[in-house]
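S.K.: Generate a structure from the sequence data that follows.
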Amino acid sequence: MAGRIEDYALIGDMQTAALVCRDGTVDWLCLPRFDSHAIFAGLLGTEEHGFWRLGPAHAADAAPPTAARRSYRGDSLILESEWDTSRGTVRVTDFMPPRDGAPQLIRIVEGVSGRVPMRSALRMRFSYGRVVPWVHKHEGRTVAVAGPDSVWFDTEAETYGKSLTTYADFTVAPGERIAFTISWEPSHKQPPPLPEPEQSLEATEDFWRDWVEHCTYHGPYREAVVRSLITLKALTYAPTGGIVAAPTTSLPEEIGGVRNWDYRYTWLRDAAITLSSLLRTGYREEARAWREWLLRAVAGDPENLQIMYGIAGERELGEAELDWLPGYENSGPVRVGNGAAHQLQLDVYGEVTEALHLAHMTGLARNDYASLLQLKLIRYLEDHWDEPDEGIWEVRGPRRHFVHSKVMAWVAVDRTIKLIESGDADGPLEKWRELRDDIHRDVCEKGYDKERNTFTQSYGSKELDASLLLIPQMGFLPPDDKRVIGTIEAIQRELSTSDGFILRYPTAGEDAGVDGLAGDEGAFLACSFWMADDLAMIGRVDEARKLFEKLLSLRNDLGLLAEEWDSRLQRQVGNFPQAFSHVPLIDTALRLTASGAYGG
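M.R.: Alright, predicted model coming up:
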């Protein structure tokens, strides 16, 4: 059975990523891209669906031993895990070198003390665990082939096959280093070059050291911020600049539930807020690359803007269920693709425009088409801002007039007005100022409950929604406005879990809730960070700091966060690691640092 979500480490090469468990098992890896079919899908099934375990040898009827210690090597994505055994201590270093050619996953075993018996067990299953490849030797190398894919396995250790698995049994002595590498290549091409593990390790460490040096944040939460930045960089698809929401699919928002979605795509919303965090911490090259990705993806058709695209800008992301996979801890169905791609979510126009505005304000070189795109988006909103939509949370029930969507439409118009006022674009300034006022008036009249002194999830509803916490952060109303304070306090009362974290909105258990789905979910970590931000903005800085540091304590031992926190089970849930959790972590750290509201 797969480990707990927080038991996993992330390694990656900015084109794909692998999850490595505490016991040395790689349970998830898609090759050659984030959105490719998995060759290790044990995370969503069993060992029969593919895995690669490397660690101290153990009895066949015993559970694999877990590492006594693990950490990333400095500010990098190089994972080091150490086991203490009765025979001695051993270290395994796992990494994926940034690449121009074949993707590689490299694992180096190093003896620390004593003589430790080790075992590598490699079971590749292509097409998400469904296809057993043809494994054979080719000029001394082991290769697994199925259809268009081939994976090459290289090591100096002696290997053998048993039960459709490739094994290596060996003993490592102090100072001895033995490397194992898998490399992907299209099956019709020549074999990939022989790996050079030690040189690749040095180059990978140099890459991350150089990248982290560009970080401009040096506040008290630097460790958490830098780890989050590295995670966001790892979720960037380097060839195009697209940013995936997470490297996994179908990790459940409720253990045993059906809220299981594929996050290996580029949501404009997630990518835009990721861009804003990178810009504010000194990473302008990533911002430039994302802007170019956006312009290619949207092309000349902003009227049909999608909420998400493939990592190269693909538009068709058809959703399907993989019925041969039981799901993580039997949380089915397992889904690939995402049917929400063609939903109407008006807030996306605001997030994209805000990102373009921030890029402009931080001095990113002007792009005339980016300004033109921004103007075209507003022309679309002129005719459509007052329509119902599916909203930020991608409800699968009927469309509504979501307050957050209207607020973000206001943001889109407001930021475009600022662009025109700066002299960097031309547009009907007075007309759009009037539009901005119309949207603002509409929200305040129809989305506000005077009796309860709170904004509501949608026009005419009584439900609350944590996305309302963004109202002061987006500048729609000032933090000291009584309606803002009332909304913050209402969300604290009605959407807080027993341990003080924030739910997105009410769910209905076995009945279909406001999102059209049955089942519940954990506290949404981004919303909890938003609450900390708002508390700081309204002057409750000590309370904000305490909530923020409580959220930091939810990270796993490597500083990683999933999408949600299950307060009942006290564990992380949802796809992992999640950009939408790490971005607000960075933002809240920046706000608290600026306010001086931190301990020590």
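S.K.: contacting residues around the residue lying closest to Thr166 once chain neighbours are set aside?
M.R.: Distance criterion C-beta to C-beta, 6 or more residues apart in numbering; nearest residue to Thr166, sequence neighbours excluded, is Leu122 at 4.4 Å. Where C-beta positions appear, they are placed from N, C-alpha and C, glycine not excepted. Contact analysis of Leu122 by C-beta atoms under 8 Å, 6 or more residues apart in numbering lists Trp52, Phe153, Thr165, Thr166, Tyr167, Ile182.
S.K.: Name the residues that touch the host helix or strand of the fourth one?
M.R.: So the one you mean is Thr166. Assessed by DSSP states H and E, Thr166 sits inside strand 165-172. For strand 165-172, contacts defined as C-beta under 8 Å, 6+ apart pick out 57, 90, 109-111, 115-123, 135, 142, 153, 155, 157-161, 178, 180.
S.K.: Now pLDDT too, for the contacts of Leu122, in JSON lines please.
M.R.: Formatted as JSON lines, the contacts of Leu122 follow (pLDDT from 0 to 100):
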{"residue": "Trp52", "pLDDT": "98"}
{"residue": "Phe153", "pLDDT": "98"}
{"residue": "Thr165", "pLDDT": "96"}
{"residue": "Thr166", "pLDDT": "97"}
{"residue": "Tyr167", "pLDDT": "97"}
{"residue": "Ile182", "pLDDT": "98"}
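S.K.: tally of neighbours for the nearest residue to Asp426 once chain neighbours are set aside?
M.R.: Closest residue to Asp426 apart from its sequence neighbours, by C-beta to C-beta, 6+ apart: Ile420 at 6.7 Å. By the measure other C-beta atoms under 10 Å, the count of residues near Ile420 is 19.
S.K.: wait, what's in contact with Ile420?
M.R.: Residues near Ile420 by C-beta under 8 Å, 6+ apart: Asp426, Gly427, Leu429, Trp432.
S.K.: Of these, which qualify as buried by neighbour count?
M.R.: For the contacts of Ile420, a burial check counting by 16 or more other C-beta atoms under 10 Å picks out Trp432.
S.K.: out of the contacts of Ile420, who's nearest Ala523?
M.R.: Nearest to Ala523 among those: Trp432, at 38.0 Å, using C-beta to C-beta.
S.K.: contacting residues for that closest one?
M.R.: For Trp432, the contacting residues are Ile378, Val413, Thr416, Ile417, Ile420, by C-beta under 8 Å, 6+ apart.
S.K.: next one: Tyr283
M.R.: By C-beta under 8 Å, 6+ apart, the neighbours of Tyr283 are His214, Cys215, Leu229, Lys233.
S.K.: Then Tyr217?
M.R.: Residues in contact with Tyr217 (C-beta under 8 Å, 6+ apart) are Val225, Val226, Thr281, Gly282, Ile586, Ala589, Leu590, Thr593.
S.K.: run the last query once more with 10 Å
M.R.: Going by C-beta atoms under 10 Å, 6 or more residues apart in numbering, Tyr217 touches Val225, Val226, Leu229, Ser277, Arg280, Thr281, Gly282, Ile586, Ala589, Leu590, Thr593.
S.K.: Quick one: buried ones out of these?
M.R.: Buried members of these, scored by 16+ other C-beta under 10 Å, are Val225, Val226, Leu229, Ser277, Thr281, Ile586, Ala589, Leu590, Thr593.
S.K.: So of those, which two are at opposite extremes in space?
M.R.: Greatest spatial distance among the buried ones among the contacts of Tyr217 (C-beta to C-beta): Leu229 and Thr593, at 14.6 Å.
S.K.: Return the item of the buried ones among the contacts of Tyr217 having minimum pLDDT.
M.R.: Among those, Ser277 carries the lowest pLDDT, at 91.
S.K.: Neighbours of His218, how many?
M.R.: Neighbour tally, His218, other C-beta under 10 Å: 8.
S.K.: Tell me where the chain has helices.
M.R.: For the chain, applying DSSP state H gives helices covering 126-129, 197-212, 222-234, 268-280, 284-298, 347-361, 368-384, 403-421, 429-446, 470-473, 482-494, 525-537, 541-552, 579-595.
S.K.: Nearest to Arg22, out of these?
M.R.: Across those, Arg22 has its closest neighbour in helix 222-234 (17.8 Å, C-beta to C-beta).
S.K.: quick revisit: output the contacts of Ile420 in TSV, with distance to Thr266 appended to each entry.
M.R.: Formatted as TSV, the contacts of Ile420 follow (distance: C-beta to C-beta, whole Å):
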residue	distance to Thr266
Asp426	30
Gly427	28
Leu429	32
Trp432	28
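S.K.: now the strands: where do they sit in the stretch 51-200 of the chain?
M.R.: For the stretch 51-200 of the chain, the strands defined by DSSP state E, counting those that start in this stretch cover 51-56, 69-72, 79-85, 88-95, 104-114, 116-123, 134-138, 141-146, 149-155, 160-162, 165-172, 177-186.
S.K.: which of those strands sits most buried?
M.R.: Across those, averaging neighbours per residue (mean count of other C-beta atoms under 10 Å) puts strand 51-56 on top, at a mean of 24.
S.K.: That one - which strands sit beside it in the sheet, and in what orientation?
M.R.: Partner strands for strand 51-56, per DSSP bridges, with pairing direction: strand 25-30 (antiparallel), strand 116-123 (antiparallel).
S.K.: what sits against Gly475?
M.R.: Taking C-beta under 10 Å, 6+ apart, one finds Glu354, Val407, Trp410, Val411, Asp414, Arg415 in contact with Gly475.
S.K.: ok, 8 Å please
M.R.: Gly475 is in contact with Val411, Asp414, counting by C-beta under 8 Å, 6+ apart.
S.K.: Distance check, Arg436 against Leu29.
M.R.: Look at Arg436 and Leu29: by C-beta to C-beta, to the nearest Å, they are 47 Å apart.
S.K.: Kindly apply the preceding question to Phe207 instead.
M.R.: 20 Å.
S.K.: For the two, work out which one has more neighbours and name it.
M.R.: Neighbours were counted for Phe207 and for Leu29 using other C-beta under 10 Å; Leu29 has more, 30 against 17.
S.K.: isn't the more buried one right up against His37?
M.R.: No - between Leu29 and His37 there is no contact under C-beta atoms under 8 Å: 10.3 Å.
S.K.: Tell me which of the strands of the stretch 51-200 of the chain sits nearest to Leu551.
M.R.: When the strands of the stretch 51-200 of the chain are ranked by distance to Leu551, counting by C-beta to C-beta, first place goes to strand 69-72 at 20.2 Å.
S.K.: Give me the distance from that closest one to the chain's centre.
M.R.: Taking C-alpha atoms, centre = their mean, to the nearest Å, one finds the center of strand 69-72 at 21 Å from the center of the full chain.
S.K.: what does that strand rub up against?
M.R.: With contacts defined as C-beta under 8 Å, 6+ apart, strand 69-72 is touched by Ala9, Arg22, Ile78, Leu79, Glu80, Ser81, Glu82, Arg227, Ile230, Asp557, Leu558.
S.K.: Can you say which of the helices of the chain is nearest to Ser331?
M.R.: Nearest to Ser331, of all the helices of the chain, is helix 126-129, at 15.5 Å by C-beta to C-beta.
S.K.: Now do the closest one: which elements does it pack against?
M.R.: Counting contacts by 3 or more C-beta pairs under 8 Å, 6 or more residues apart in numbering; DSSP states H and E, helix 126-129 is packed against strand 38-40, strand 141-146.
S.K.: what does the model give the residue nearest to Gly522 when sequence neighbours are not counted for pLDDT?
M.R.: Sequence neighbours aside, Glu564 is the residue nearest to Gly522 in space, at 3.4 Å (criterion: C-beta to C-beta, 6+ apart). On the pLDDT scale, Glu564 is placed at 96.
S.K.: How about the contacts made by Glu564?
M.R.: Taking C-beta under 8 Å, 6+ apart, we find Glu564 in contact with Glu253, Glu521, Gly522, Ala523, Phe524, Leu525, Gln572, Val573, Gly574.
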